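# Okay, sequence plus prediction incoming.
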Amino acid sequence: MTAKEYLQQAFRIDREIRVRISELEAMRSALHGRGVRYDGSGGEPADNTLEKALCRVIDRERELDREIFRLVEKKSEISDVINKVSDVRLRELLIRRYLGFEKWEIISAEMHTDLRWLFRLHDRALRSIAKLIRN
């Protein structure tokens, strides 16, 4: 695994979480307006489709919780590695990009650095991370 792939793990998990959140929101909205039907024989529901749907939503929420925990753990692991980079400027760049998920243009503006120079710094930062993850 390259240094860049290592650092991008948190971004990929975050993206997956966003997809799951959208899916969960769609499932929840599908539940609105659903009611319990009774078959007229003593007040018992005619079927348990609403119950099944609610169980699916709860299962997805639990999966999402596990993914969020995984993201927190991965970000913590990546943060520990980034914090070992000796150059403060490289550390800031790595934190903004791989833990804050900021776009290059925003990082460039915030760090008052030309975009091309920022990419050179990024290359240096990746080399530092590569050395750290090899050890």
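Received, thanks. Values in this document were obtained by computation on a predicted structure and should not be read as measured data.

# mean confidence score for the helix or strand hosting Ala109?
Following DSSP states H and E, one finds Ala109 within helix 104-110. Within the predicted structure, the mean pLDDT of helix 104-110 is 97.

# tell me what it is packed against?
helix 115-134 (3 or more C-beta pairs under 8 Å, 6 or more residues apart in numbering; DSSP states H and E). C-betas here are computed from N, CA, C, even on glycine.

# what is the mean pLDDT for the helix it packs on?
Along helix 115-134, the predicted confidence averages to a pLDDT of 96.

# buried residues in that helix?
Of the residues in helix 115-134, those buried under the neighbour-count criterion (16 or more other C-beta atoms under 10 Å) are Leu118, Leu121, His122, Ala125, Leu126, Ser128, Ile129, Ile133.

# can you pull the contacts of the fourth one?
When contacts are counted by C-beta atoms under 8 Å, 6 or more residues apart in numbering, Ala125 touches Val85, Asp87, Leu90, Arg91, Leu93, Leu94.

# Name the nearest of these relative to Val72.
Ranked by distance to Val72 (C-beta to C-beta), the contacts of Ala125 are led by Leu94 at 18.0 Å.

# How far off centre is the host helix or strand of the closest one?
Secondary-structure element containing Leu94, defined by DSSP H and E: helix 88-94. Here helix 88-94 shows a centroid-to-chain-centroid distance of 21 Å under the convention C-alpha atoms, centre = their mean, to the nearest Å.
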